[in-house]
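Engineer: whatever this is, show me its structure:
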Amino acid sequence: MATFLCRECGEKTEETFRFCPVCGIAYEPLDRTTIEGMDAFEQGEYAQALELFKATLKKRPGSFFAFRDMGHASFHLQQDDAALSYYENALKLRHDLLDVRFNMGLIHLKRGRVGDAM
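Structural biologist: From the prediction side, this is the model:
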């Protein structure tokens with residue numbers, strides 16, 4: 001039986017679980033494109049990461065991970081409108097993404113829209 005590390009909390013768990021038993025996040029297998037995107041992101045290559053995450057989304061159109069990851073890459077590229085759009089799509093698929101809500105708040109604060117940031 002294969003094991004994986006949860007993308008949210010890092011807990012090692014078995015592939016047979018549909019959700020991480022620690023944080024409850026849904027399991028989504030990582031393909032090469034996603035892993036390369038994560039590596040590019042961690043190296044600060046945000047434009048490359050964004051393109052790789054877009055390729056992941058084409059393979060998995062309903063992936064909140066892909067939308068969230070594209071939002072994070074856009075956020076670091078200071079493409080705030082794109083980041084907000086990707087984040088909104090991620091939240092439509094999974095409403096409890098705290099990192100997404102936090103970054104959206106930072107964008108709204110940067111724009112002087114304190115009410116939207118809260």
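
Engineer: now residue 13, what's its secondary structure?
Structural biologist: Recorded secondary structure, residue 13: strand (DSSP: H, G, I helix; E, B strand; the rest coil).

Engineer: hey, what's it bridged with?
Structural biologist: Per DSSP bridges, residues listed as beta-bridge partners of residue 13: residue 4.

Engineer: next one: it from residue 66, what distance?
Structural biologist: Residue 13 sits at a distance of 21 Å from residue 66 (criterion: Cβ to Cβ, to the nearest Å). Glycine gets a C-beta too; all of them are placed from N, C-alpha and C.

Engineer: and the gap between residue 94 and residue 109?
Structural biologist: Distance, residue 94 to residue 109, by Cβ to Cβ: 23 Å.

Engineer: surely residue 68 meets residue 101?
Structural biologist: No. Contact criterion Cβ atoms under 8 Å: residue 68 and residue 101 do not qualify, at 10.8 Å.
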